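[1] Show me the folded form of this:
(2 chains)
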Amino acid sequence: DIQMTQSPSSLSASVGDRVTITCRASQTIADHLAWFQQKPGKIPELLIYSGSILHSGAPSRFSGSRSGTDFTLTISSLQPEDVATYYCQKYNIAPFTFGPGTKVELK
Amino acid sequence: QVQLQESGPGLVKPSETLSLTCTVSGGMNSDSYYWNWIRQHPGKGLEWIGYISYSGSTFYNPSLKSRVTMLIDKSKNQFSLKLSSVTAADTAVYYCANIRVGSTVESWGQGTLVTVSS
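    Numbering: from 1, shown residues only, chains lettered A, B, ... in the order given. Alright, predicted model coming up:
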């Protein structure tokens, strides 16, 4: 099965900082990757699908990109409401594995 | 978009079978979707458990496959999860969710906490 890894596992940044999270698939998944944001006590919310397409309603400061089997989620200017855990998920074929998550905190 | 709602016991004894049902509002009579269970251990990440399609085909996470059964009840617009021989390690919030074929999760249930304890 394809394994999904994320780095870093956590980060601390200041308001206005550019934040980058990486997700790596152990084999090719084409662009079948989504990014979710989960705030404490809430259900995950879709931010990005197909590796780089912003989901309707997601703030434009979020963007995604792909290079081979490496995917990046970027927050262009971190806001206080972005404090959350971010997960990638592959959906090319089952199992629809999630990455382990990246916790984003404010410095 | 459909709405999903989990139901079932919040407390299960060790070695017993966890049983949850997801009720789908808005229809599920299409093979365009997979009907999924996902869980989240307290303070941990998301773990995909498996799916069942409208036609009844299933795919389970290999790590749980030996203990998981999913069924669909088309007459009630429900699908269910059974997880056998539970231990404390199965304590988690369990979510049901639908995934469009070829895409990612469209809708999530609110989640239900299941605690395994005697």
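[2] CA atoms for contacts and neighbours, from now on please.
    OK.
[3] how near is the most centrally placed residue in chain B to chain A?
    Central residue of chain B (Cα atoms, centre = their mean): B:W37, 2.7 Å from the mean position. Taking Cα to the nearest Cα, to the nearest Å as the measure, B:W37 falls 11 Å from chain A.
[4] Can you spell out which residues form a bridge with B:Q78?
    Legend: beta-bridge partners of B:Q78 under DSSP bridges are B:T23, B:D73.
[5] Kindly apply the preceding question to B:N36 instead.
    B:Y51, B:A97.
[6] Helix, strand, or coil at the residue most central in space within chain A?
    In chain A, the residue lying closest to the centroid (Cα atoms, centre = their mean) is A:W35, at 3.9 Å. Here A:W35 is recorded as strand under DSSP: H, G, I helix; E, B strand; the rest coil.
[7] Give me the pLDDT value at it.
    Listed pLDDT for A:W35 reads 98.
[8] Grab the nearest non-local neighbour of it.
    Once flanking residues are discounted, A:W35 sits nearest to A:C88: 4.5 Å by Cα to Cα, 6 or more residues apart in numbering or on different chains.
[9] For that neighbour, give me its contacts.
    By Cα atoms under 8 Å, 6 or more residues apart in numbering or on different chains, the residues touching A:C88 are A:4, A:6, A:23, A:33-36, A:98-99, A:101.
[10] Tabulate those (CSV), appending distance to A:L54.
    Output for the contacts of A:C88, formatted as CSV (distance: Cα to Cα, whole Å):
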residue, distance to A:L54
A:M4, 21
A:Q6, 20
A:C23, 17
A:L33, 12
A:A34, 10
A:W35, 10
A:F36, 11
A:F98, 19
A:G99, 19
A:G101, 19
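[11] Which of these has the largest number of neighbours?
    Taking other Cα atoms under 10 Å in any protein chain shown as the neighbour criterion, A:W35 ranks highest of the contacts of A:C88 with 31 neighbours.
[12] I appreciate the help and will end here.
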